[in-house]
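Trainee: Return a 3D structure for these sequence lines:
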Amino acid sequence: MEIRSLNSGTVFTGNLKAIHDNQSEWITMGYGGISTGTTHSLRFGVNNSEKMRIDNDGYVGIGTNSPQSHLHLAGTGDVVLRLQADTNNSGEGDNPMIEFRQDGNLLTGLIGTGNLPT
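Mentor: Numbers count the residues shown, from 1 in each chain. I've put the predicted structure just below:
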C-alpha cells in the first residue's frame, strides 16, 4: 500500500498507524508486521464478531476471547483440530503428526502414522 500527500504527491514510507479517538489505543502495520501499541490483544473478526485473538502473553485463542494456553481452541459444539498432509496425493511418505518434545528436544510422545521421527 502506498500513501501519498494530496498536495505534494510525497510518498510516505514506514509504518501505518491507526489511532483510536482516546489516543491511548492504536495498531501499527509496517515492514515488521502488525502490532498493538498498548496492552490490548490483537483481535481478528468476521461480520463484526471476534473469531481469534493473540493476547499479551502470546497465547492464541480461536473461539475464545480468553486463551489459557499457547493455542486454545474452543466452541459450543464439537471442536476439531485438522492436520492434513499429502493434499496432492503424491509421495505417500507425507503424513500428519503431532510431536511432543521437551528438555533439549527430547521426543516424549507422538501421534501420527508413517515415517515417524526418533
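
Trainee: Not counting its neighbours along the chain, what's nearest P96?
Mentor: Nearest residue to P96, sequence neighbours excluded (CB to CB, 6 or more residues apart in numbering): L83, at 3.7 Å. Heads up, the C-betas are built off the backbone N, CA and C, glycines and all.

Trainee: Could you double-check that that neighbour lies in contact with I98?
Mentor: Yes. Here L83 reaches I98: they are 7.1 Å apart, a contact under CB atoms under 8 Å.

Trainee: Quick one: low-confidence residue ranges for the chain.
Mentor: For the chain, the stretches with pLDDT under 70 are 1-15, 23-26, 31-32, 114-118.

Trainee: can you give me the strands for it?
Mentor: Counting by DSSP state E, the chain has strands at residues 3-4, 11-12, 16-19, 26-30, 33-36, 42-46, 49-54, 60-62, 71-73, 97-102, 106-112.

Trainee: how many neighbours does the residue nearest to L81 when sequence neighbours are not counted have?
Mentor: In space, and not counting its chain neighbours, L81 is closest to L73: 6.4 Å by CB to CB, 6+ apart. Other residues lying near L73 total 15 when counted by other CB atoms under 10 Å.
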